[in-house]
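Student: sharing a sequence plus its predicted fold:
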Amino acid sequence: MIARNEPLPSHAETEAYLAKNGWSIIHISPFSDVVGPAWKRDGEHRFAFVMKEKHDNSLGRAHGGMIMSFCDDGLGVTARVPHPGKHLLTISFECKFISGPKLGELVELQCEIVKATTTLSFVRGTCMVGSRIVADASGIWKAVSRP
């Protein structure tokens, strides 16, 4: 964790750190590639992105739409676990903003499956920068056959 007055590492340094420590870039959709990259921790329901200028809400904080897209993607990927081979559609999503990530900060999302049925996944997650909560999100995803 970086001390409050310590300079943040560059985006390249943070992404190099992720790559060396069990994280890999995940391609979820063409839209997600535009706002990403998003990272996934191998073998876990953990996701990350580095807050860059393109995510800025013009106040030096991550745009709420970026946080929501990131959470929707991470929770949606997690929702796929009980439904292999199926495509998942978000049918309900809620996001509560608690604080805003600043430029250069590493934003992480830890997800968990609350319940899964034959066609639905109920998932929640907490989005954080270090020990600071950024957002809480939850939703329901429906499993459908791929077109």
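Tutor: The structure has been received and is ready for your questions. Residues are numbered from 1 along each chain as shown.
Student: give the next helix or strand downstream of the helix or strand hosting residue 18.
Tutor: Assigned by DSSP states H and E, residue 18 belongs to helix 11-20. Toward the C-terminus, helix 11-20 is succeeded by strand 23-26 as the next helix or strand (DSSP H and E).
Student: chain center to that following strand, what's the gap?
Tutor: 11 Å (C-alpha atoms, centre = their mean, to the nearest Å).
Student: next, the buried residues of the helix or strand that comes right after that strand.
Tutor: Once strand 23-26 ends, the next helix or strand along the chain (criterion: DSSP H and E) is helix 30-35. Judged by neighbour count using 16 or more other C-beta atoms under 10 Å, the buried positions of helix 30-35 are 32, 35. The C-beta positions use only the backbone N, C-alpha and C, and glycine is treated the same way.
Student: quick one: contacts of helix 30-35?
Tutor: 27, 38, 54, 55, 66, 69, 70, 73 (C-beta atoms under 8 Å, 6 or more residues apart in numbering).
Student: where does pLDDT dip in the chain?
Tutor: 1-9 (pLDDT under 70).
Student: tell me the SS of residue 146?
Tutor: coil (DSSP: H, G, I helix; E, B strand; the rest coil).
Student: before we move on, what about residue 89?
Tutor: Residue 89 is classified as strand under three-state DSSP.
Student: contacts only, for the spatially closest residue to it that is not a sequence neighbour.
Tutor: In space, and not counting its chain neighbours, residue 89 is closest to residue 142: 5.0 Å by C-beta to C-beta, 6 or more residues apart in numbering. Neighbour list for residue 142: 88, 89, 91, 119, 120 [criterion: C-beta under 8 Å, 6+ apart].
Student: narrow those residues to just the buried residues.
Tutor: Using 16+ other C-beta under 10 Å, the buried ones in the contacts of residue 142 are 88, 120.
Student: one step back: neighbouring strands of the host helix or strand of the residue nearest to residue 89 in the sheet, and parallel or not?
Tutor: If you go by DSSP H and E, residue 142 is part of strand 132-144. Using DSSP bridges, the strands paired with strand 132-144 in its sheet are strand 87-97 (antiparallel), strand 120-129 (antiparallel).
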